[in-house]
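J.: structural data only, the sequence is not supplied:
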């Protein structure tokens, strides 16, 4: 009986040694690890965006400013709605945000904002585009090779894209989970 116990203990000890040695020496193929980047949650992105808009507005007398290349002027606006349902990670620490603003002239603007950063405290705006003016879109979104892109309304979508039927989207979609 003692021999059986000693053999079992020896086998368990050898098993544990090889198990820990394998983990310490590396692996043939990568597996999930703690170093894999974690995307920001919708809530974190929403909070970061509100902070960004607030900071920018305080710099400009209470107005969020965006240069409109079509109208060739700087728009002075106040946030009316942040579309949490449109907040999306695009990959490589890049995030998409859509928000509605009301300008000093009463016009309503749908503004698409792109932010980049590894955490909500590191996010910076990398691009800001006027998507709609009073509900009229200037461009649409389409997905090509897994990447969301914009196109002007009069542009043709590449026939080799994933949307061969030229379906268009108002905004990049949330990734399937």
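T.: It's in. Please read all numbers here as calculations on a predicted model, not as lab measurements.
J.: please, which helix or strand holds the closest residue in space to residue 132 that isn't next to it in sequence?
T.: Of all residues beyond its chain neighbours, the one nearest residue 132 is residue 110 (3.7 Å), with distances taken as CB to CB, 6 or more residues apart in numbering. For every residue, glycine as well, the C-beta is placed using N, CA and C. Here residue 110, judged by DSSP states H and E, is contained in strand 108-116.
J.: what of residue 118?
T.: Remark: residue 118 resides in no helix or strand, with elements defined by DSSP H and E.
J.: and it, backbone torsions?
T.: Note on residue 118: backbone dihedrals following degrees, to the nearest 10 are phi -80, psi -20.
J.: and it, what pLDDT?
T.: As summarised for this prediction, residue 118 has a pLDDT of 90.
J.: tally of neighbours for it?
T.: One way to gauge burial is a neighbour count; for residue 118, by other CB atoms under 10 Å, it gives 12.
J.: and the gap between it and residue 48?
T.: Going from residue 118 to residue 48 by CB to CB, to the nearest Å gives 12 Å.
J.: same check, this time on residue 72
T.: If you go by CB to CB, the gap between residue 72 and residue 48 works out to 30 Å.
J.: looking at the two, which is more packed in?
T.: Here residue 72 and residue 48 are compared on neighbour count by other CB under 10 Å; more neighbours surround residue 48, at 22 against 7.
J.: what is the strand or helix carrying that one packed up against?
T.: If you go by DSSP H and E, residue 48 is part of helix 42-59. Counting contacts by 3 or more CB pairs under 8 Å, 6 or more residues apart in numbering; DSSP states H and E, the secondary-structure elements packed against helix 42-59 are strand 64-68, strand 73-82, strand 94-103, strand 108-116.
J.: for the shortest one, buried residues please.
T.: Going back to what we said before, that points to strand 64-68. Buried residues in strand 64-68, defined by neighbour count with 16 or more other CB atoms under 10 Å: 64, 66, 68.
J.: would TSV of those with pLDDT and distance to residue 140 be doable?
T.: Converted to TSV, those look like this (pLDDT from 0 to 100; distance: CB to CB, whole Å):
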residue	pLDDT	distance to residue 140
64	98	24
66	97	19
68	96	18
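J.: below-threshold pLDDT in this protein: ranges please.
T.: 1-37, 155-177 (pLDDT under 70).
J.: still on that earlier bit, out of the helices and strands packed on helix 42-59, which comes closest to residue 126?
T.: Go through the helices and strands packed on helix 42-59 one by one with CB to CB and the one that ends up closest to residue 126 is strand 108-116, at 5.0 Å.
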